[in-house]
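Trainee: Model the following, please.
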Amino acid sequence: MKNVEMWDLSGNFFLSEDDIGKNRAVACIAKLQELNNAVLISVQTEELTNEHLSKFQAVVFTDIGLDKAFEFDDYCRNHQPSISFIKTEVCGLFGSVFCDFGPKFTVLDVDGEEPHTGIIASIYNGNPAMVSCVDDERLEFQDGDLVVFSEVQGMTELNDGKPRKITNARPFSFCIQEDTSNFGIYMKGGIVTQVKEPVILEFKSLRDCIREPGNFLLSDFSKFDRPPLLHFAFLALDKFRKEFGRFPVAGCDQDAKKFLEFTVSVNEAATDYKMKKLDEKLLQTFASSSRAVLNPMASMFGGIVGQEVVKACSGKFHPQYQFFYFDSVESLPTYPLDSKDLKPLNSRHDAQISVFGSKLQKKLRDANVFVVGSGALGCEFLKNLALMGVSCGLKGKLTITDDGIIEKSNLSRQFLFHDWNIGQAKSTVAAAAASAINSSLHINALQNRACPETEHIFHDAFWEGLDVVVNALDNVNARMYMDMRCLYFQKPLLESGMLGPKCNTQMVIPHLTENYGASRDPPEKQAPMCTVNSFPHNIDHCLTWARSEFDGLLGKTPNEVNSFMSNPAQYAAAMRKAGDAQARELLERVCECLDKRCDKFEDCITWARLKFEEYFSNRVKQLTFIFPEEAVTSTTALFWSAPKRFPRPLQFSVVDSSHVHFILAASILRAVSFGISIPDWAKNTTNLVDAVSKVIVPEYEPKRGIKIETDEKASNISSASVDDSALIEDLLTKLEACAKKLPLGFQMKPIQFEKDDDANFHMDLIVGLANMRARNYGIQEVDKLKAKIIAGKIIPAIATLAAMATGLVCLELYKVLAGGHPVEDYRNSFANLAIPMFSIAEPLPPKVIKHQDMKWTVWDRWSIEGNITVTQLLKWLSDKGLRAYSVSCGTSLLYNTMFVRHKDRLNKKIVDVAKEVAKVDVPAYRRHLDVAVACEDDDGNDVDIPLISIYFR
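Mentor: Model (predicted):
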């Protein structure tokens, strides 16, 4: 109903100055539609009625009076079926969400987690029955969970599919409420899987919740009493707007006084949750900023509400129940705000100025910001920064870098990109899109990865000029590097990440908080090599193996072939020098590839059919020949006991579509690697089956003396041979003979795995390899989508989480750029929108190290002016009561008291020693050299001291 005003441009990224005066919905629809043409979007510009709501499954109201909200909520509740009703507001640094999904709403999956599973080791006959699982991984079951059993041998009565309730859950065992005394004796095997049952929720109406709001969803436990106060504040705002037809004016004492009176009256009318004392200062802040829709708040609440809409329409994840209030008053400047500083300037940032003042707006405009990454988080950050006016002044600069290219799968969560951008550089497209949102943005897009190799681009002068760094990364190593650089240059780092419905943010502020690397998650558990290659027991193992085989057959081997063909003598010399089992195995692959070279597509079909036989029949026959089903270990335990699964060979069949599809994908990719054109008939199943049927498959006889790795600690499955060098010579001779038969200049075409092109057959081959292997071992097979997520190592990211996480970070950015905030004002956060759950708390301070009358943290760096010698450095430290016994530069040791020959270096300049020993070449733009020194005190206790910078120029 409303038209666009200049005020709206502070929070709405779809609007521009050209839209002022137009209907807001009409102005947005074209850009909104560009996000996804498959979604039908329409505009409603007339007054909304109950009848308009009847055709929707969920409705969201963002600017509606309480009386009208009551009417619409009542209609939605009484409609059959119920319409999910969501009401949300953002008023400056305050926000609210209310959800009513009807009298009875069914949640199909309360948390979105994969059902927990366990591999059974034993089941006891008794009441209750105790179930023990292998200690491969801790069980995640809880008392009250329902589970089903499958593949149990002996006690087969449990394989009936009946859900059974768990009691006495422990890390590797649990009990079930079942009398198994008269069941069969457990022999072996068995999988136990959690059953997720639907949950029915009964929501109260908005009318009832206003009177009795019940338990509020808390986010910040330091503000335990804040939600009731904000509940009153939003009710008072509704009364104020109803009486005056407007919001309170920013900085107006008279309006704030009237608003406070309304709040007092609302509190007096309350019954069970009346507050003894109202925070008048907070209420004045609420009134003054109530008209403003700040972009970070809109981003955060847009993410929360967007996920609630998905819940309403899908039944996946637990809805919010029912009120949620949030504020970030800590984002306000620490200095008093003058009402004159809050007045509008006829600027697109007037709404933001009405909250923070024009003084902070100038700081935002002049900021020098470095954003690392332009994926899901990066796109949201650029949008937010453009709307906030960051780096939009003459002194301001925003640098964005990302070495990635836009892929189709990015489009579901990286909203600055469109179909026509696929294949283009992420940073360049994102920067152009951000500039379209705010043409004043001074942005520089780079395609460089931030890493040690690019420090000549992101050099000292670049870092020294920065005001803040914003990470939008998706891997720990890159985060650790950026953390190290921010520590070194003492720059604030705003960190965030997301995984499925979960997100977290961390503020790294010089001298106030600990750094990102101070606390790390444990490394992700990797399956042992022998498990992946010979003893898989879940689909992840099969997909890991499939991806490895894909890369080996179609990427690594063709690359090796090309290396050999380019320079045979040099390649042979390298193999002879290596002389190990890995070199031998590599040569075997290259020889096999060239010896069985494909000249026409029919050859590729033959190769694919023989590969099927090798992978899914011959290898299994060899494995079970060496380790028969009844095999025992040295301790007389069954070799094939949990978690190992006994495999069985597959019999190829042309009537099995999965077998035929494997042949299709494998033969096409083999043809691509050899540069063979693919005939039109190749994708016709009938023709392909005819060609496959003509392939002669030799009988396989298992061999004796073959070693199969069973040690889970082994990092390499290549089995060493006493005569590897002799075998390598034989293989090189064979390789040279093969090369003579090849055309001059022969080269293969290595294939790099690309998960997002549905027509390239890459995922088809991966799925074929993984599912046929799963079938060997009796493991449940997987669909193409899940295979893509696991094999493509896709980190699940949702657009709603990206919006929420970046909104939270940008609320912290106000504090960083304003300056002067104590650590108590900053907030780290963790959220899981599936449950939903919010946990917001102040960051931990850095660890303080003390020595005599000195103290320092990880943020400190000691500086020494002058081109000093090693002796002078030791003396400088000795004067501080520290005995230095080792000096290093990078990974090189410059001096250590243990080595007698190092005494010759004592009188040398440290810079000269670094040049001589560490081969350090200090760039011309750098005035100093950094050294790490190991010290101990007078009692011989090690003391961790800061990095020392020697300014020799």
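Trainee: Low-confidence ranges, the protein, go.
Mentor: Judged against pLDDT under 70, the low-scoring parts of the chain cover residues 521-524, 715-723, 795.
Trainee: Pull the number of nearby residues for the nearest residue to P679 once chain neighbours are set aside.
Mentor: Excluding the flanking residues, the one nearest P679 by C-beta to C-beta, 6 or more residues apart in numbering is F601, at 5.6 Å. Where C-beta positions appear, they are placed from N, C-alpha and C, glycine not excepted. Here the count is done by other C-beta atoms under 10 Å, and F601 has 20 residues near it.
Trainee: and if you look at the one 3 residues further on?
Mentor: Number of residues near C604 (other C-beta under 10 Å) recorded here: 25.
Trainee: right, and it touches P679 too?
Mentor: No: counting by C-beta atoms under 8 Å, C604 stays clear of P679, with 10.5 Å between them.
Trainee: Surely H661 and L765 touch.
Mentor: No: look at H661 against L765 with C-beta under 8 Å: they stay out of range, at 9.4 Å.
Trainee: Compare neighbour counts for the two and give me the winner.
Mentor: The residue with more neighbours, out of H661 and L765, is L765; 27 against 18, by other C-beta under 10 Å.
Trainee: residues making contact with the helix or strand hosting the more buried one?
Mentor: With the criterion set as DSSP states H and E, the secondary-structure element containing L765 is helix 762-776. Taking C-beta atoms under 8 Å, 6 or more residues apart in numbering as the criterion, the residues outside helix 762-776 that touch it are 536, 539, 542-543, 545-547, 549-550, 612, 615-616, 620, 647-650, 658-659, 661-662, 664-666, 669, 751, 753-755, 779-784, 787-788, 791-792.
Trainee: ok, which stretches of the stretch 851-953 of the chain are helices?
Mentor: Remark: helices assigned in the stretch 851-953 of the chain by DSSP state H, counting those that start in this stretch are 870-878, 910-917.
Trainee: what angle separates the last one from helix 870-878?
Mentor: Pointing back at helix 910-917 there. What separates the directions of helix 910-917 and helix 870-878 is an angle of 120 degrees, with axes from the mean of the first three to the mean of the last three C-alpha atoms, to 10 degrees.
Trainee: If you count contacts, what does helix 910-917 end up packed against?
Mentor: helix 870-878, strand 883-889, strand 892-896, strand 928-936 (3 or more C-beta pairs under 8 Å, 6 or more residues apart in numbering; DSSP states H and E).
Trainee: quick one: the first one to strand 883-889, angle?
Mentor: To tie it back to what came earlier, the one meant is helix 870-878. Computed with the same axes, to 10 degrees, the direction of helix 870-878 lies at 130 degrees from that of strand 883-889.
Trainee: got the residue ranges for the helices in the stretch 151-300 of the chain?
Mentor: All helices of the stretch 151-300 of the chain, identified by DSSP H, counting those that start in this stretch, fall at 206-211, 226-244, 253-269, 280-289, 295-314.
Trainee: In the stretch 501-650 of the chain, what residue spans correspond to strands?
Mentor: In order along the chain, the stretch 501-650 of the chain carries the following strands (DSSP state E, counting those that start in this stretch): 502-508.
Trainee: Off-centre distance for the helix holding L765?
Mentor: Centroid separation between helix 762-776 and its chain, computed with C-alpha atoms, centre = their mean, to the nearest Å, is 26 Å.
Trainee: Now do the contacts for V355.
Mentor: V355 neighbours (C-beta under 8 Å, 6+ apart): G92, L93, A250, S288, S289, A292, L294, L332, L342.
Trainee: about what we covered before: got TSV for the helices of the stretch 151-300 of the chain, with distance to C591 and mean neighbour count too?
Mentor: Below are these laid out as TSV (distance: least, C-beta to C-beta, whole Å; neighbours: other C-beta atoms under 10 Å):
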stretch	distance to C591	mean neighbour count
helix 206-211	74	17
helix 226-244	71	20
helix 253-269	83	17
helix 280-289	74	21
helix 295-314	53	22
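Trainee: a markdown table for those helices, including distance to N832?
Mentor: As requested, the helices of the stretch 151-300 of the chain are exported to a markdown table (distance: least, C-beta to C-beta, whole Å):
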| stretch | distance to N832 |
| --- | --- |
| helix 206-211 | 23 |
| helix 226-244 | 19 |
| helix 253-269 | 32 |
| helix 280-289 | 28 |
| helix 295-314 | 10 |
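Trainee: out of these, nearest to Y571?
Mentor: Closest approach to Y571 among the helices of the stretch 151-300 of the chain is made by helix 295-314 (53.7 Å; C-beta to C-beta).
Trainee: Which helix or strand lies directly C-terminal to that closest one?
Mentor: Counting by DSSP H and E, what follows helix 295-314 is strand 323-327.
Trainee: centre of the chain versus the next helix or strand after that next one, how much separation?
Mentor: Sequence-wise, the next helix or strand downstream of strand 323-327 (DSSP H and E) is helix 350-356. Centre-to-centre, helix 350-356 and its host chain are 33 Å apart (C-alpha atoms, centre = their mean).
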